[in-house]
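**Q** test case, fold it:
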Amino acid sequence: MSDYSADKLQEARRPIASLMSKSEKAQQKLAPGTWQHTMLRDNLKALRIASALMDEEPHNPDNFTRGDLQEALRALASMASKTEKALARFSPGTSQHTLQRNRLEALQIAETLVRAEMDQG
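**A** The predicted structure is shown next:
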């Protein structure tokens, strides 16, 4: 299904898992119904879909509706755009730059996997 090597997918899992953890912690501090809480809920759903698609075990394509995949794609694109803007603020070689670069690459891989899943459906 994927043009990515097992190593590349393994590398992408770490930033995705980190984003999920940070988003879950942030969401707990927000009141349900606020736009921030809703955004994090949508981002978390997208990250969970991406994580499932990165898993080496075959998954059931019926697990995700076309609407789920479209929403995931929108959320991942939004996260990637914000990450690109953050990346530009840090000097190459700094830990912050490396973190944002790795996060951006993982989000781009996730977007590709979601698009491929949509094309299969």
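**Q** all helices of the chain, in order?
**A** Assigned by DSSP state H, the chain shows helices spanning 6-28, 35-54, 66-88, 95-120.
**Q** tell me which residues are up against stretch 68-88.
**A** Outside stretch 68-88, the residues within contact range by CB atoms under 8 Å, 6 or more residues apart in numbering are 19, 42-43, 45-46, 49-50, 64, 97, 100-101, 103-104, 107-108, 110-111, 114-115, 117-118, 121. The C-beta positions use only the backbone N, C-alpha and C, and glycine is treated the same way.
**Q** OK, contacts around the residue nearest to residue 72 when sequence neighbours are not counted?
**A** Spatial nearest neighbour of residue 72, chain neighbours left out: residue 46 (3.9 Å); criterion: CB to CB, 6 or more residues apart in numbering. With contacts defined as CB under 8 Å, 6+ apart, the neighbours of residue 46 are 71, 72, 73, 74, 75, 76, 79, 110, 114.
**Q** show the pLDDT at residue 46.
**A** Residue 46 carries a pLDDT value of 97.
**Q** how about residue 63?
**A** 78.
**Q** how about low-confidence regions in this structure?
**A** 1-2, 56-62, 121 (pLDDT under 70).
**Q** against residue 25, how distant is the spatially most central residue of the chain?
**A** Centroid check for the chain by CA atoms, centre = their mean gives residue 47 as the closest residue, at 4.1 Å. Note on residue 47: its distance to residue 25, by CB to CB, to the nearest Å, is 13 Å.
**Q** next: residue 87.
**A** Residue 87 is 22 Å from residue 25, by CB to CB.
**Q** more crowded one of these two?
**A** residue 87 (17 against 10; other CB atoms under 10 Å).
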